[in-house]
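Colleague: Dropping the sequence and predicted coords here.
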Amino acid sequence: MNEKTRVAEIVDQMYFNDPFSLWLGIERIEEGLGYSKIKMTVRKEMLNGFGVAHGGISFSLADSAFAFACNSHGKHAVSIECSVNHVRPIFEGDVLTAEAKEISRTRTLGNYDVVVRNQKEVIVALFKGLVFVKDTNWK
């Protein structure tokens, strides 16, 4: 089995068993070892009292891209620290793309950056995540 097929199998297992990512309406664009690019459209029920997207929406999109990227190597990886900077407001109808890239990885730890952009390619959020890599293999 080639690397691309194996990564897709792992992300399939995660994505199709993740009701929250499915509720968000996430679409997978591209995935590879240590990499994931996904997108979604912001809906009315995702807005806060200011009429902009709740901060948890961009965080959750970035977190899903992060999870797909860090698990792509075939070992279960779980977040141990994440942070997000909300740098621009996000509005209903915006199409958000999150691109996760592996910065460094050892046998037990991995660092990832995720950039979230809107449909105009404007950066709206920056996410950083650290994972613990378990000994458990994906099936």
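Modeller: Nice, thanks for sending it over.
Colleague: in stretch 54-70, what's buried?
Modeller: 54, 57-70 (16 or more other Cβ atoms under 10 Å). In short, each C-beta sits where N, CA and C put it, glycine included.
Colleague: pretty sure V124 is in contact with R88, am I right?
Modeller: Yes: if you go by Cβ atoms under 8 Å, V124 and R88 touch, sitting 4.3 Å apart.
Colleague: With neighbour numbers in mind, choose between these two.
Modeller: V124 (22 against 16; other Cβ atoms under 10 Å).
Colleague: same for the helix or strand harbouring that one, what does it pack against?
Modeller: V124 is part of strand 123-137, with elements assigned from DSSP states H and E. For strand 123-137, the packing partners by 3 or more Cβ pairs under 8 Å, 6 or more residues apart in numbering; DSSP states H and E come out as helix 55-71, strand 75-86, strand 95-105, strand 109-117.
Colleague: Strand partners (parallel or antiparallel) of the second one?
Modeller: For strand 75-86, the paired strands and their directions (DSSP bridges) are strand 123-137 (antiparallel).
Colleague: any idea which residue sits dead centre in the protein?
Modeller: A65 (1.6 Å; Cα atoms, centre = their mean).
Colleague: In contact with that one, which residues are there?
Modeller: Residues in contact with A65 (Cβ atoms under 8 Å, 6 or more residues apart in numbering) are S36, K37, I38, A98, E99, A100, V114.
Colleague: Go again with 10 Å.
Modeller: By Cβ atoms under 10 Å, 6 or more residues apart in numbering, A65 lies in contact with 21, 26, 28-29, 31, 35-39, 97-101, 112, 114-116, 127, 129.
Colleague: Quick one, grab the pLDDT at N2.
Modeller: With respect to pLDDT, N2 scores 92.
Colleague: Check whether A69 really touches E31, as I assumed.
Modeller: Yes: counting by Cβ atoms under 10 Å, E31 is a contact partner of A69 at 7.6 Å.
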